[in-house]
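**Student:** take this sequence and fold it.
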Amino acid sequence: MFDNLGNLPLHPLVVHAAVIGIPLAALLAFLFAFPRTREWARWPLAITVVAVTAVTFVARQSGLAFEAALGIRPGNPVGDLILQHSLLANQLFYIMIGFSVIALLNVFIVSKRAADGAAKQSAILRIGLPILLVATAVVALVWIVRVGDLGARAVWNPTAPPLF
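**Tutor:** Residues are numbered from 1 along each chain as shown. Predicted coordinates for the structure are as follows:
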């Protein structure tokens, strides 16, 4: 199911959606953290982070199918890089689940101002949840770079030193 799209392997096609979508979701999270842009970023953040989490799942599953189809095994430079890439991709998927949950909590709980009408929010909700959202967005950005670096090195230059 996750191996091909027509005659093309699905993994190289779908990873680009994650590579573009995760930074976009992080940008929307940063915009949501500021009260001035919060209302503008609210629903684009919710839609983007859920969609990118789904794309991350598809990228992960298609990567496993691609690895099996090519018969890649650890024990050589490429196989070892693919193994590390796969482990980080699994971590990224769980990070994206956490990012989605925190983003949706922000979207549905955090109001635009300190007091919206009669409903007053505590400082933990008003300040703490957006800070947690930004922190999670930064972790997702770091992980997508790490995963992408290992995948690119495995394909293009397995002997290159790691990015970080």
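
**Student:** state the mean pLDDT of stretch 57-77.
**Tutor:** Averaged over stretch 57-77, pLDDT sits at 86.

**Student:** kindly report the same for stretch 108-118.
**Tutor:** In the prediction, stretch 108-118 has an average pLDDT of 63.

**Student:** and the pLDDT at Leu133?
**Tutor:** So Leu133 comes in at 97 (pLDDT).

**Student:** what about it, neighbour count?
**Tutor:** Around Leu133 there are 25 other residues, counting by other C-beta atoms under 10 Å. All C-beta atoms are positioned from the backbone trio N, CA, C, and that covers glycine.

**Student:** for the chain, what's the longest helix?
**Tutor:** When the chain is parsed with DSSP state H, its longest helix is helix 35-70.

**Student:** what's the following helix or strand after that one?
**Tutor:** The first helix or strand that comes after helix 35-70 along the chain, using DSSP states H and E, is helix 77-109.

**Student:** so that next one versus helix 35-70, what angle?
**Tutor:** Angle of helix 77-109 versus helix 35-70, following axes from the mean of the first three to the mean of the last three C-alpha atoms, to 10 degrees, is 150 degrees.

**Student:** what residues of the longest helix of the chain count as buried?
**Tutor:** Neighbour counts over helix 35-70 (16 or more other C-beta atoms under 10 Å) mark 38, 41-42, 44-46, 48-50, 52-53, 55-67 as buried.
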